[in-house]
Each structure stands twice: as structure tokens, then as C-alpha cells.
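Q: build me a structure from this.
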Amino acid sequence: MDEVRHRDRAGTRRRILDAARRLFTELGYDEVTMRLISAEADANISLINRYFGTKRELFAEVLAMQGRFPGVLEVPEEQLPRRLAEYVAERLRSDRGSPIMAALIRSSSCSEIHGIIRDRVTSAILEPLAERLPGPDPLFRATVATALITGSGTLSQLYGPDAIDAPDEETVVRRLTAVFEACLRL
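A: Reported below is the predicted structural model:
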């Protein structure tokens, strides 16, 4: 009986998270209510409160679902500028946007969650990148690179797969590699 209850709890929690991610992505933080999430997830609103607390805490959990900068930083130091360039080029030419980036863009005007957004970008991109950089001012250099990464995500959300008009992906990667080399070098 406890196993069934535990499985139901995990399934309900997953449905709530999935519904919240879809709604935050489509509507942004301000437009989403706990009642809307409850209806979308087919879950009692009291369960949302029990599992996640406030809407703000649920939004933070949705952002945390993305994980850290997936697989991008796990390359030797000399390959890092090119790997970052490949990641950004892929995002710029992709026909599927990042749901997390869409949620961030649609929610960025809400001052209530600026701290959550800042913490998420810091823990997912900025700090892991700064930890990889040798020499002085790694946080500054990582911040400049993070601005490029997040800005490309915004551009991709606004323009879709036509965000960049280049003859081929390798041209984009070469240009972005040069930019990341400039951002990251001592």
C-alpha cells in the first residue's frame, strides 16, 4: 500500500511540474495561477501547496528541472570556446526553443522572481563556467560569456530558427568561437 501511495505521489508531483512548466513557458509567471496549474495537472491545489509551497517556489523548481549547463563544460580547457560556440549555434538554428528560456523571457518583468532567475543563471551557467577558467577575473570573463549565451537564447526565442542568417553552421561556429575566445581569454 505504501509503495502505491509513493508512486501516486511521485506521479502527481511530476504532473504538477510538467503542467507548471508548460504554463510558465506559454504564459509567464504573472499570468499563471495555482488554480490554473491545478486544473492543467488534474491535481488538487492543496497537493501543489504541500509539494511545492508557493507559486514562487514551484517556479524555482521548474527552473531547476533543466539541470546545469548540460554537457557543455565537460571538455578540455582549450576546447571550451568552440564547445560554447557549438552550443549557441545549435540553439540559434534550432526550431525548438528552450522551454526554460521561454519561461524566463515571459517572466522577466516580474520583480518577485528576479532573484530566482538570477540564482538560476548563476548556478547553471555563470559559476560552473567561472570555475573552469584559470587566471585572474574568471567571474568577469564568465559573465561576459554568459551574457552572450543568454542573449542568444533570447534572440532564438524571438526569431525562432531564422535567428541567424548564415550560409552554414560551421560559419556560425567559427565566428562564435572567436567571440568566446575573446570573452574567456586572460
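Q: next, count neighbours for Ser38.
A: 18 (other CB atoms under 10 Å). No exception for glycine: its C-beta is placed from N, CA and C like everyone else's.
Q: and it, what is it in contact with?
A: Asn44, Ile45, Ile48 (CB atoms under 8 Å, 6 or more residues apart in numbering).
Q: contact partners for Ala85?
A: Val172, Val173, Arg174, Arg175, Leu176, Thr177, Val179, Phe180.
Q: for the first one, phi and psi?
A: For Val172, the backbone dihedrals (degrees, to the nearest 10) come out as phi -60, psi -50.
Q: and it, how far is that from Leu92?
A: 7 Å (CB to CB, to the nearest Å).
Q: overlap in contacts, the two.
A: Ile164.
Q: coming back round to it: who wins for neighbours among the contacts of Ser38?
A: Ile48 (24 neighbours).
Q: what packs against the worst-scoring helix or strand of the chain on mean pLDDT?
A: Ranked by mean pLDDT, DSSP states H and E, the weakest helix or strand in the chain is helix 99-107, scoring a mean of 78. Helix 99-107 is packed against helix 2-27, helix 55-64, helix 114-121, helix 138-159, with contacts defined by 3 or more CB pairs under 8 Å, 6 or more residues apart in numbering; DSSP states H and E.
Q: centre of the chain to stretch 108-121, how far?
A: 12 Å (CA atoms, centre = their mean, to the nearest Å).
Q: give me the low-pLDDT residue ranges for the chain?
A: 1-7, 67-70, 95-97 (pLDDT under 70).
Q: quickly list the domain ranges of this structure.
A: 2-64, 77-184 (automatic domain parsing).
Q: okay if I get these as JSON lines plus distance to Gly71?
A: Formatted as JSON lines, these follow (distance: least, CB to CB, whole Å):
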{"stretch": "domain 2-64", "distance to Gly71": "17"}
{"stretch": "domain 77-184", "distance to Gly71": "9"}
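Q: which of the helices and strands packed on helix 99-107 sits most buried?
A: Comparing these by mean neighbour count (mean count of other CB atoms under 10 Å), helix 55-64 ranks first with a mean of 19.
Q: so what secondary structure elements neighbour it?
A: Taking 3+ CB pairs under 8 Å, 6+ apart as the contact cut, helix 55-64 packs with helix 2-27, helix 34-41, helix 45-52, helix 99-107, helix 114-121.
Q: could you dump those to JSON lines with distance to Phe140?
A: Formatted as JSON lines, the helices and strands packed on helix 55-64 follow (distance: least, CB to CB, whole Å):
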{"stretch": "helix 2-27", "distance to Phe140": "31"}
{"stretch": "helix 34-41", "distance to Phe140": "39"}
{"stretch": "helix 45-52", "distance to Phe140": "35"}
{"stretch": "helix 99-107", "distance to Phe140": "23"}
{"stretch": "helix 114-121", "distance to Phe140": "15"}
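Q: which one, of those, ends up nearest to Ile164?
A: Among these, the nearest to Ile164 by CB to CB is helix 99-107 (15.7 Å).
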